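> sequence first, predicted model second:
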Amino acid sequence: MKQVIMKYRKSWWCVMYLLMPCLLQAQVRDTLADIKMFVHACNAYKQIPLQLEVFVKNTCNIPQQDMDTSAVRLLFAIQEHGSYLQYGEVEQLANDSMVLMISHKAKQMIAMPSGNTVARQLLQSISMPVADSSITRMAAKYTAVRLPHEHDTVVLVVTSRALLPGTAFPKECIIVRSVKATGQLVEVKQMKRTLYEVDEEAYRQLQADSAWNGRLTKLGEHFMLVKELIQTFCYKQVKHDGKQALPLQVNDCVSRSATGKLLPAAAYEGYLISENNQ
């Protein structure tokens, strides 16, 4: 538990950065215009062709699994008839007929049939989740506040109206920073809060720690901590260059023999290939 507290203190500046706008939101009248701006910022870049580089970092005050404190670089290249995705050491390539997953660490390839919707599905996977396509319905679930401009960027804070049981904290808070002139995303921070149960002894110990003020609650006979998972997306490159080729294509990695068997290209000699035709 002491390690948890140390991790929490180190990330305190980040937590405060996320919380301060949320605490001030009651003093600012949120508008449908700000909700619309949020939706636009999260979806404006979803155009084909697309070349995208994003760094994703997760931090958590109560880490329970590796993903809670992970960092990874994502590369996307999406065209109308093909796509490329790199996630750490894993690559995914797709064309109109095949999706090919490559794990370089395992030296393994998995091939499966693809429809012509792969590119569109990838676009959906890389966009920030929007609770509801209806602006009015979304405004009923979230508040949106536009903060003063920071240099050439616009900052929006979107907060769920629903509070975490037994606390004064909203369940979710999203901060979106985009370029003022173009609307292009620069950074997105998304905090999700859940309750984490501990025994009474740990609960009593944390009551004496000011860092946990307001983040301890008791529900019936259950002693709960507020777990805060922060996911940060840093958008390093967003381009729409129709002349830029995909970094790697399916035909660069595999070919079929005369009998129809899928074989690895010379650069992937020794890789195992499995086909999933379902």
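The structure has been received and is ready for your questions.
> what packs against the strand or helix carrying residue 217?
Secondary structure here is read from DSSP states H and E; on that basis residue 217 sits in strand 216-219. Secondary-structure packing of strand 216-219 (3 or more C-beta pairs under 8 Å, 6 or more residues apart in numbering; DSSP states H and E): helix 200-207, strand 222-239. (Glycine included, C-beta is placed from N, CA and C.)
> which parts of the last one are buried?
Burial within strand 222-239, assessed by neighbour count using 16 or more other C-beta atoms under 10 Å, is assigned to 223-235, 238.
> next one: it to chain centre, how far?
Taking C-alpha atoms, centre = their mean, to the nearest Å, one finds the center of strand 222-239 at 8 Å from the center of the full chain.
> in the stretch 51-200 of the chain, where is pLDDT below threshold?
Counting by pLDDT under 70, the stretch 51-200 of the chain shows low-confidence ranges at 115-133.
> contacts for stretch 213-227 next, please.
60-62, 164-169, 193-200, 202-203, 206-207, 212 (C-beta atoms under 8 Å, 6 or more residues apart in numbering).
> just these: which are in helices?
Counted as lying in helices by DSSP state H, out of these, are 200, 202-203, 206-207.
> among those, name the buried ones.
Neighbour counting with 16+ other C-beta under 10 Å marks 203, 206 as buried within the ones in helices among the contacts of stretch 213-227.
> distance to residue 54 for the ones in helices among the contacts of stretch 213-227 - can I get that in JSON lines?
JSON lines is the format used below for those (distance: C-beta to C-beta, whole Å):
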{"residue": "200", "distance to residue 54": "42"}
{"residue": "202", "distance to residue 54": "36"}
{"residue": "203", "distance to residue 54": "38"}
{"residue": "206", "distance to residue 54": "35"}
{"residue": "207", "distance to residue 54": "39"}
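> for PyMOL, what selects the buried ones among the contacts of stretch 213-227?
Here is the PyMOL selection string for the buried members of those, based on 16+ other C-beta under 10 Å:
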select buried, resi 60+61+62+164+167+169+193+196+198+203+206+212
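> distance check, the nearest residue to residue 242 once chain neighbours are set aside against residue 87.
If you skip the residues right next to it in sequence, residue 242 has residue 49 as its closest partner in space, 5.0 Å away by C-beta to C-beta, 6 or more residues apart in numbering. To residue 87, residue 49 is 20 Å away according to C-beta to C-beta, to the nearest Å.
> which of those two has more neighbours?
Applying other C-beta atoms under 10 Å to residue 49 and residue 87 shows that residue 49 carries more neighbours, namely 18 against 13.
> list the contacts of that one.
Taking C-beta under 8 Å, 6+ apart as the contact definition, residue 49 lies against 77-80, 240-242, 244.
> ok, of those residues, which come out buried?
Of the members of the contacts of residue 49, the ones counted as buried by neighbours, 16+ other C-beta under 10 Å, are 77-79.
> could you dump these to CSV with secondary structure?
CSV is the format used below for these (DSSP: H, G, I helix; E, B strand; the rest coil):
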residue, secondary structure
77, strand
78, strand
79, strand
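> that concludes my questions; thank you for your assistance.
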